[in-house]
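*Asks:* sequence below, structure please.
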Amino acid sequence: MPVRRATLGHVALTVRNLRKSEAFYREILGMAVSDRNPRMRMSFLSFGKEHHDVALIEAGKGAPSAENGDVAGLHHFCVYVGTSKEVDDLVPRLKKKKIPIVSGPEILEVARNRSVSFLDPDGNRVEVACNAHKFRRKSRER
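*Replies:* Sure, this is the predicted structure:
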């Protein structure tokens with residue numbers, strides 16, 4: 001029987017430099033560190049509603065890079081925001097910090113929402129897209 005009525009819990013990324021990646025997600029996406037596990041070399045970051053939305057696990061500086069195509073796996077993950085303006089307002093910050101923009105800002109052909117995609121310090125592709133209807137719902141169905 002297939003899983004039904006599910007939602008994504010979190011994304012866990014293997015990174016080469018935990019401090020650098022943690023700073024990136026705090027500064028660029030406005031996430032807060034909710035917890036750390038020094039023994040496992042992990043940081044947990046949250047947008048505020050969940051314990052963590054993104055987990056970072058340090059593999060070390062010599063780890064293969066997604067940016068160089070060295071590993072198969074995650075293509076990208078998406079963070080929804082409530083307005084197209086929030087997407088557009090992010091672009092100057094990305095450029096100022098010299099963060100590589102992969103695509104956008106643009107209106108996506110299929111979803112028809114405003115989107116920008118960029119790379120984190122390990123070359124993982126992060127998309128920020130407007131999904132206003134998601135924020136209009138008073139509560140999710142359980």
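
*Asks:* from Leu119, how far out is the closest residue to Val79 other than its chain neighbours?
*Replies:* In this structure, Val79 finds its nearest non-sequential neighbour in Val128, 5.1 Å apart by Cβ to Cβ, 6 or more residues apart in numbering. C-beta: built from backbone N, CA, C; applies to glycine. Distance of Val128 to Leu119, computed by Cβ to Cβ, to the nearest Å: 13 Å.

*Asks:* quick check: mean pLDDT across the helix or strand where the residue nearest to Val79 lies?
*Replies:* Secondary structure from DSSP states H and E places Val128 in strand 125-130. Averaging the model's pLDDT scores along strand 125-130 yields 91.

*Asks:* just the CA atoms of it, as CSV, please.
*Replies:* Provided in CSV are the C-alpha atoms of strand 125-130 (Å, rounded to 0.1, in the frame of the first residue of the first chain):
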residue,chain,number,x,y,z
ARG,A,125,21.1,23.5,-5.4
VAL,A,126,18.6,25.4,-3.3
GLU,A,127,15.4,26.8,-4.8
VAL,A,128,13.3,29.5,-3.2
ALA,A,129,9.9,29.8,-4.8
CYS,A,130,6.6,31.7,-4.2
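
*Asks:* burial of Val126, as a residue count?
*Replies:* Look at Val126: counted by other Cβ atoms under 10 Å, it has 22 neighbours.

*Asks:* correct me if wrong: it contacts Ser117.
*Replies:* Yes - because the distance of 6.8 Å satisfies Cβ atoms under 8 Å, Val126 is recorded as touching Ser117.
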